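> here is my input, please return the structure:
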Amino acid sequence: MADNPLQVGHYRLLKTLGIGAFGKVKLGKHIITGHLVAIKILNRNRIKQLDMGEKVRREINILKMCTHPHIIRLYEVIDTPTDIFVVMEYVPNGELFDYIVSKGRLNADEARRFFHQIISGVEYCHFHHIVHRDLKPENLLLDADNNIKLADFGLSNIMKDGDFLRTSCGSPNYAAPEVISGNLYAGPEVDVWSCGVILYALLCGSLPFDDESIPNLFKKIKSGMYTLPSHLSQLARDLIPRMLVVDPMKRITIPEIRLHPWYQHKLPGYLRLPPELMEKQERVIDEDCIRAVCSYPFRGVTWQRVLDAIQRRNQRHDLKVAYEIILDHKQAKQRTAEVMMLMQQTQHDATPPAFSPQQHRTPGSGSMTPTTPSQNTAAQQRLAEEASRALARHNPSGTGSGGSNSGGVTPQHLSGSASNTGAALSSGSTSLHQQQAAAAAARKRRWYLGIQSKKDPAHVMTEVYKALLQLRCEWSAVSSYRLKCRWRPNAVVLQPHPSVHDPQFLGALSRQASTSRGSGRWPSGHGPGALALRKRTSSSGGGGGEAAMEEDHDFWPVDPDAEDVGAENPLLNYDYTVIIGLNLYKVQQNIYLLDFQRVEGDGFSFMNLSAKIITELKTLSAASRQQAQAAQAAQQAMLQQQQQQQQQQQQQQQQQQQQQHQQQQQHQQHQQQHQQQQQQQQQQQQQQQQEVHHHHQQQQQQQVHHHQQQPQLQLPLQLAQHQQQPQQQQQQQQRHQQMLAATEGGGGKGD
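The predicted model follows:
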């Protein structure tokens with residue numbers, strides 16, 4: 001069976017991908033183009049037994065209407081007397097549910113990318129008056145590039161003007177309160193609720209409403225009882241509750257979600273298009289794909305025949321199916337490339353904004369433009385037109401002088417202040433023009449006052465402490481990665497602090513900075529006198545998790561003898577004080593930004609101190625670099641020695657191996673000679689044995705011959721003797737007669 005797989009139409013059925021209520025889902029391969037598809041095999045008898053004919057018919061009709069990049073694509077339906085073969089797009093990476101289970105909660109950028117695609121697909125469905133009603137991670141599939149594909153429209157329905165739905169369907173954990181209550185609902189609002197639950201699952205790795213008891217689960221859903229983890233950003237903490245509003249009339253809509261700042265961040269150009277423009281773009285004929293179809297061995301294929309097949313909207317044709325399969329693969333690659341380019345651009349564009357001396361704020365601490373989503377149709381139309389124009393333009397990315405940010409750290413996150421984030425979510429309305437201006441400003445080159453480093457954060461802070469000690473500054477540690485520093489511009493210039501290059505002192509300083517709380521002095525009596533500041537600031541509901549590495553605001557070290565910020569220090573001669581803040585931020589993976597903020601003092605003194613600190617850090621960095629280079633050179637020398645030793649050892653080993661090989665060869669030769677000698681001896685022995693055996697055989701033959709000859713000789717002798725006996729007897733008789741005759745004759749004469 002494996003050598004001769006089943007073929008249906010232009011598809012060869014391969015392995016089974018899954019088994020459903022009506023049949024199997026098989027992996028198929030287009031025998032002409034070679035593209036893979038998923039073929040759902042629906043058994044007619046099974047459908048009739050379960051009375052699911054209307055459900056299957058509705059799902060197929062809905063899929064025929066949808067040509068969206070993030071909705072599963074239906075290519076054709078092949079009818080047979082026993083089965084229905086539904087040829088669909090093949091998505092190899094499985095369900096979003098399994099992806100979340102394997103990875104846990106996702107980072108903001110990855111969750112946002114998935115959410116962009118989900119909302120775009122749902123908005124397209126609503127544009128065609130389709131309400132899904134069963135949105136959940138199990139029905140969101142992932143293609144080879146981990147792009148979302150909405151699937152399983154079995155519970156979906158068509159919305160009609162003036163009509164309401166009442167059917168309670170979908171999974172209870174993702175169902176809206178009005179659905180499980182059996183109340184009337186229009187349709188789109190229940191999909192919004194399900195999208196809110198999915199967004200919560202993406203960002204948190206768990207469900208907002210979950211209980212083993214169904215009554216308790218329904219109680220939580222109807223009352224909207226859930227908690228938001230503290231690690232969520234402030235914008236996410238604003239969007240999720242708007243989607244999970246129990247009252248469907250007050251629930252946020254899809255157009256409002258599209259205008260939300262959290263959704264607008266890193267939104268790809270092709271997803272900015274409204275559904276009608278996206279559908280028009282899908283209908284644009286691609287000549288390259290037609291050319292590709294013509295290159296395949298279809299019977300009687302010509303350019304005009306392919307074009308005619310494409311333009312038949314409600315009719316399926318082999319050439320049209322091949323064109324759509326090729327076009328989908330091409331567009332998927334283009335969209336993936338566009339998203340990757342956008343990610344690279346946003347990494348460069350996410351550099352913290354410039355230091356603003358007018359506002360006296362940390363770079364990146366400026367609040368966002370207050371926005372409240374609007375349902376204004378005219379604004380939506382303008383947004384669609386602007387998005388379509390933006391899609392045709394290429395916006396070059398401007399990179400600041402200090403690197404990029406790919407970790408989703410936005411300006412309000414870098415501020416470290418709860419008030420800035422709260423201001424971003426204040427009530428009010430923002431026009432489309434303001435949003436476009438803000439987006440254009442975000443693409444401009446951004447400047448900041450500070451220094452970037454790829455070194456370990458603990459090492460960066462150690463360098464900062466060295467620089468402050470060298471400059472005879474006083475400081476207070478807000479946390480492990482935040483300092484407040486005081487400097488006297490008119491202080492007497494002193495010799496470098498003796499502890500700057502003392503490893504024991506610096507080690508004790510780092511340990512005390514990470515463990516001390518409350519009042520304390522410098523280790524070993526080296527303290528120059530620190531700020532007597534004691535305060536704790538409150539952070540807003542977990543939004544600070546992305547803002548900084550730590551949110552502990554206890555100041556350290558504290559000199560108990562200092563009464564206030566302006567306490568006199570006998571080591572310094574000064575009459576003017578400058579106070580600045582030093583904050584270390586993580587702008588992206590393995591890249592950190594040391595930011596300078598003016599707290600007190602004039603701008604020139606602030607810039608002077610910042611320049612001194614940066615210069616000292618560069619000097620220390622150069623020294624560290626030289627030490628590192630020296631250590632690297634020593635290490636390289638050691639490595640070279642080790643390599644030489646290894647080479648010598650290898651040579652010795654090779655020589656030993658050669659000697660062993662020679663010895664083995666000699667031993668083999670001796671063995672061969674010995675074997676030859678043994679063979680010769682064996683041959684000689686065999687020859688001797690053969691000779692002995694031959695001699696023995698000859699003797700035996702002689703004996704046998706002798707035994708055979710003896711009876712033959714005796715028999716003639718006996719015969720001869722037997723023949724001679726009568727003659728002898730006759731002779732004796734004759735002699736006896738002669739003697740008698742002689743005797744008688746002599747007697748007669750005597751008478």
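
> quick one: contacts for Asp79?
Going by C-beta atoms under 8 Å, 6 or more residues apart in numbering, Asp79 touches Phe85. C-beta coordinates here come from the backbone N, C-alpha and C atoms, glycine included.

> so which bits of stretch 277-286 are buried?
Within stretch 277-286, the residues scored as buried using 16 or more other C-beta atoms under 10 Å are Met278, Glu279.

> so which strand or helix has Lys15?
strand 11-19 (DSSP states H and E).

> name every strand pairing with that strand and say which way it goes.
Counting by DSSP bridges, the strands paired with strand 11-19 are strand 7-8 (antiparallel), strand 24-30 (antiparallel).

> distance of Leu259 from Ile119?
11 Å (C-beta to C-beta, to the nearest Å).

> sketch out the low-pLDDT regions of the stretch 151-300 of the chain for me.
By pLDDT under 70, the weakly predicted segments of the stretch 151-300 of the chain are 159-170, 184-186.

> residue contacts, the nearest residue to Leu244 once chain neighbours are set aside?
Sequence neighbours aside, Gly196 is the residue nearest to Leu244 in space, at 4.5 Å (criterion: C-beta to C-beta, 6 or more residues apart in numbering). By C-beta under 8 Å, 6+ apart, the contact list for Gly196 reads Ile240, Met243, Leu244.

> ok, and the most crowded of those residues?
Highest neighbour count within these, by other C-beta atoms under 10 Å: Leu244, with 24 neighbours.

> how does the chain divide into domains?
When the chain is parsed with automatic domain parsing, its domains come out as 7-89, 96-281, 285-342, 350-442, 450-617.

> mean pLDDT for those: which is lowest?
Least confidently modelled of the domains of the chain is domain 350-442, at a mean of 38 by mean pLDDT.

> ok, back up a step: with the contacts of Gly196 in mind, which one is nearest to Thr302?
Met243 (51.2 Å; C-beta to C-beta).

> relative to Ile148, how far out is the closest residue to that closest one other than its chain neighbours?
Once flanking residues are discounted, Met243 sits nearest to Gly196: 2.9 Å by C-beta to C-beta, 6+ apart. As for Gly196, its distance to Ile148 is 16 Å (criterion: C-beta to C-beta).

> now Asn173
From Asn173 to Ile148 the distance is 19 Å (C-beta to C-beta).

> who's more crowded, these two?
The neighbour comparison of Asn173 against Ile148 (other C-beta under 10 Å) goes to Ile148, with 24 against 17.

> what's the distance between that one and Cys195?
Distance, Ile148 to Cys195, by C-beta to C-beta: 11 Å.

> joint contacts of those two?
By C-beta under 8 Å, 6+ apart, the residues touching both Ile148 and Cys195 are Ile118.

> mind listing what Ile326 touches?
Thr33, His35, Cys289, Ala292, Val293.

> just among these, which is most surrounded?
Counting by other C-beta under 10 Å, top hit in the contacts of Ile326: Val293 with 28 neighbours.

> state the distance from that one to His317.
Val293 is 11 Å from His317, by C-beta to C-beta.

> same check on Pro69?
For Pro69, the distance to His317 - C-beta to C-beta - is 22 Å.

> neighbour-wise, which of these two wins?
Remark: of Pro69 and His317, Pro69 carries more neighbours, 23 against 15, as counted by other C-beta under 10 Å.

> I'd guessed that one sits against Ala332; true?
Yes - contact criterion C-beta atoms under 8 Å: Pro69 and Ala332 qualify, at 7.3 Å.

> shared neighbours, these two?
Any residue near both Pro69 and Ala332 by C-beta under 8 Å, 6+ apart counts here, and that gives Asn147.

> just the CA coordinates of the helix or strand hosting Gln281, formatted as CSV?
Secondary structure assignment for Gln281, by DSSP H and E: helix 275-283. C-alpha atoms of helix 275-283 as CSV (Å, rounded to 0.1, in the frame of the first residue of the first chain):
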residue,chain,number,x,y,z
PRO,A,275,-10.7,44.0,5.1
GLU,A,276,-12.0,45.5,1.9
LEU,A,277,-8.6,46.6,0.7
MET,A,278,-7.0,43.3,1.8
GLU,A,279,-9.6,41.4,-0.2
LYS,A,280,-8.9,43.6,-3.2
GLN,A,281,-5.2,43.0,-2.8
GLU,A,282,-5.8,39.2,-2.7
ARG,A,283,-7.7,39.4,-6.0
